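Student: My questions are about this predicted structure, shown below with the sequence.
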Amino acid sequence: MASRKAGTRGKAAATKQAQRGSSNVFSMFEQAQIQEFKEAFSCIDQNRDGFICKADLRETYSQLGKVSVPEEELDSMLQEGKGPINFTVFLTLFGEKLNGTDPEEAILSAFRMFDPSGQGVVNKDEFKQLLLTQADKFSPAEVEQMFALTPMDLAGNIDYKSLCYIITHGDEKED
């Protein structure tokens, strides 16, 4: 009896954790957007089992007029979910695409433009000047806030590889 209760408690805790994790993704969107995503999910979930599988994707593509989709492309799409793709995972994937950061490699490529020597660092002062004067300009306070979390080498240069990791995975110190 005690082991059955422990098992039930474990399931309840896992369910509670899943709800907490998934509730965050639902807070990223307005109710109308969630409904639109639900309708899109229903259109893709051809067999109506609550999960998107390769057959669902193939049938969806077929309905859109694309009959010969490479297996690798379908597999790649499914791998983005890192497991079965139910509606919560589907919504999470869209949340990451719409509100998330670029992939780590894309961010690294952008930084490499400022690192012609390939040392893995960029000059802090030059980078600060770019942030303050180019494109979506940062305020001086935003630059200082960013630099407070930015890994620097002994010469005061930005270690952009570590910074990219922080941007895409979070700062370990925050945990």
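Tutor: Okay, I see it.
Student: which residue ranges form the strands in this protein?
Tutor: All strands of the chain, identified by DSSP state E, fall at 121-122, 158-159.
Student: In this structure, what residue spans correspond to helices?
Tutor: Remark: helices assigned in the chain by DSSP state H are 2-26, 31-44, 54-63, 71-79, 87-99, 104-112, 124-133, 140-149, 160-169.
Student: where in the protein is pLDDT low?
Tutor: Within the chain, the segments meeting pLDDT under 70 span 1-24, 98-102, 169-175.
Student: hmm, back to that, figure out which of the strands of the chain is closest to Lys66.
Tutor: Closest of the strands of the chain to Lys66 is strand 121-122, at 42.2 Å (criterion: CB to CB). Where you see a C-beta, it was placed from the backbone N, CA and C, and this is true even at glycine.
Student: Okay, now the sheet partners of that closest one, with direction.
Tutor: The strands that strand 121-122 pairs with in its sheet are strand 158-159 (antiparallel) (by DSSP bridges).
Student: which residues are in contact with the strand it pairs with?
Tutor: Gly120, Val121, Val122, Asn123, Lys124, Phe127, Thr150, Pro151, Met152, Asp153 (CB atoms under 8 Å, 6 or more residues apart in numbering).
Student: Distance to Gly81 and neighbour count for those - can I get that in JSON lines?
Tutor: Formatted as JSON lines, these follow (distance: CB to CB, whole Å; neighbours: other CB atoms under 10 Å):
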{"residue": "Gly120", "distance to Gly81": "32", "neighbour count": "16"}
{"residue": "Val121", "distance to Gly81": "36", "neighbour count": "23"}
{"residue": "Val122", "distance to Gly81": "35", "neighbour count": "19"}
{"residue": "Asn123", "distance to Gly81": "40", "neighbour count": "14"}
{"residue": "Lys124", "distance to Gly81": "39", "neighbour count": "17"}
{"residue": "Phe127", "distance to Gly81": "36", "neighbour count": "20"}
{"residue": "Thr150", "distance to Gly81": "32", "neighbour count": "17"}
{"residue": "Pro151", "distance to Gly81": "31", "neighbour count": "15"}
{"residue": "Met152", "distance to Gly81": "37", "neighbour count": "14"}
{"residue": "Asp153", "distance to Gly81": "38", "neighbour count": "13"}
